[in-house]
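Engineer: My questions are about this predicted structure, shown below with the sequence.
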Amino acid sequence: MVSQLIRKSPKKNCALDPMPTSLIVKSLNELLPVITCMINSSLLLGYFPSAWKSTLVDPRLKKTGQPASLSNLRPISNLQFVSKLTERAVSDQTLEYIKCSDIYPILQSAYRAGHSTETALLKVHNDIMCSMDQQRVSRLLLLDSCAAFDTVDHQACYYVVLWSALE
């Protein structure tokens, strides 16, 4: 499974990686047992090493041609390759469990293979057309949340979630 994760993952480098990702891929036969052991140990112990949590933040413009002010930048976090592999392993296992347990919400399009904003829009369009065919009135409320997270104090949200979890 880990070899498949490595093969299908983007081969991006991070300055925090102990060795370039391209070298890991070229030496996969030799490094696979070590990488597999690292990921499995992390999952079995329920411990995510703090070194894997370190990130290099690269501010990028939201749209090209904008002035480089704080409101026009979005942070891109660069994590170590093994950190991303572990995250992908957990994500894949969780999605597999959700599918096998048949607890996936039927209408969920996000984070689901074969579903996209297009399929969600087609579903809404179809529902409206079916309502019109039945001589029913439909209402549609659209929210633009493209800048919603620009105004959120993530530090405060973390404390609120942590506080409410402890109650």
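Structural biologist: Thanks, I have the structure now.

Engineer: only C-alpha atoms for contact and neighbour calcs from this point on.
Structural biologist: OK.

Engineer: looking at this protein, which helix or strand does the model trust least?
Structural biologist: Every helix and strand in the chain was compared by mean pLDDT, DSSP states H and E; the lowest is helix 154-166, with a mean of 42.

Engineer: residue contacts, P49?
Structural biologist: S42 (C-alpha atoms under 8 Å, 6 or more residues apart in numbering).

Engineer: mind redoing it with 10 Å?
Structural biologist: 42, 83 (C-alpha atoms under 10 Å, 6 or more residues apart in numbering).

Engineer: And the pLDDT for it?
Structural biologist: Turning to P49, the model gives it a pLDDT of 94.

Engineer: how close does it get to I39?
Structural biologist: Per C-alpha to C-alpha, to the nearest Å, P49 is found 10 Å from I39.

Engineer: How about L61?
Structural biologist: 34 Å.

Engineer: Looking at the chain, which helix is longest?
Structural biologist: helix 81-100 (DSSP state H).

Engineer: burial count for L28?
Structural biologist: L28 has 16 neighbours, counted by other C-alpha atoms under 10 Å.

Engineer: do G46 as well
Structural biologist: 9.

Engineer: Outline the domain layout of the chain.
Structural biologist: Domain assignment of the chain by the TED database yields the ranges 1-104, 107-143.

Engineer: Please give the number of neighbouring residues around T21.
Structural biologist: Counted with other C-alpha under 10 Å, residues neighbouring T21 total 19.

Engineer: Stretch 73-82: how far from the chain's middle?
Structural biologist: 12 Å (C-alpha atoms, centre = their mean, to the nearest Å).

Engineer: Need the winner for burial among the domains of the chain.
Structural biologist: domain 1-104 (a mean of 13; mean count of other C-alpha atoms under 10 Å).
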